[in-house]
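*Asks:* Coordinates only, no sequence provided:
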């Protein structure tokens, strides 16, 4: 059904599926690790099922606010009350396969998934409703780093690189705050307090820039080229967004493509050496 797909925001699927793939690649020891059922089942989960839960629950909870938000006209989904019951059933139905999947997943990864689920629900639903709590709304976007932990802990028993985890987290916190800037007028009218409404547009952009530069300062430890490239690209995004709200929204609509390309670079950083080693072994035969 088209409205179910639209509700799940396919352009944002890479934020969950991509971080999972990067986490898995970081823990993998060979190309063969990518041909296990666990990898493909989790990757599939972090497309439609997981995103439908995140954005579907958010749409149900934000009906009043979204009614005032022009961004929902055409570019994003405006939820209708008549769709609430079927949407909830679709979310539950698509999550049934998670039960057997968790049974073949290590305990550490199960805990990471439980943390992801709790944060995904707490972000939108009362009484916690982190979305309406300035700074906690963006900080809670650690939920987008949980798939990386699920991927890594599903394939590796080595200690996690928590510095890299902080890098991913600061990127996602910045992404949330940036994405909330176009919502400032509607959220203000609805009486919803967020990081963006509290700081205002320009201070939020400065906050986002600091977070993104933290990410790429950490990236420099792993790849000098990727770190410098990231600093340049995301500083340009902030500078371009500063000018006007219409320019900011135009940049905002292009962010999924930019982030996907940067995510592919991160994935290749881990997967590339495995692929080269695999090809070398084939050639040597």
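*Replies:* Looks like it came in fine. Just so you know, these numbers come straight off a predicted model, no measurement behind them.
*Asks:* List the residues that contact the residue nearest to residue 53 when sequence neighbours are not counted.
*Replies:* Closest residue to residue 53 in three dimensions, ignoring its sequence neighbours and counting by Cβ to Cβ, 6 or more residues apart in numbering: residue 91, at 5.2 Å. All C-beta spots, glycine's among them, are computed from the backbone N, C-alpha and C. Counting by Cβ atoms under 8 Å, 6 or more residues apart in numbering, residue 91 touches 49, 52, 53, 56, 57.
*Asks:* Which helix or strand lies directly C-terminal to the one helix or strand residue 91 maps to?
*Replies:* Remark: residue 91 resides in helix 84-95, with elements defined by DSSP states H and E. Following the chain from helix 84-95 toward its C-terminal end, the next helix or strand by DSSP H and E is helix 98-103.
*Asks:* So which elements touch that following helix?
*Replies:* Contacts defined by 3 or more Cβ pairs under 8 Å, 6 or more residues apart in numbering; DSSP states H and E place helix 98-103 against helix 37-45, helix 107-124.
*Asks:* Could you dump those helices into TSV with mean pLDDT, mean neighbour count and distance to residue 192 added?
*Replies:* What follows is the helices and strands packed on helix 98-103, written out as TSV (pLDDT from 0 to 100; neighbours: other Cβ atoms under 10 Å; distance: least, Cβ to Cβ, whole Å):
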stretch	mean pLDDT	mean neighbour count	distance to residue 192
helix 37-45	96	17	30
helix 107-124	96	18	12
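*Asks:* Rebuild the ones you listed as JSON lines, extending it with distance to residue 235.
*Replies:* As requested, these are arranged in JSON lines below (distance: least, Cβ to Cβ, whole Å):
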{"stretch": "helix 37-45", "distance to residue 235": "32"}
{"stretch": "helix 107-124", "distance to residue 235": "28"}
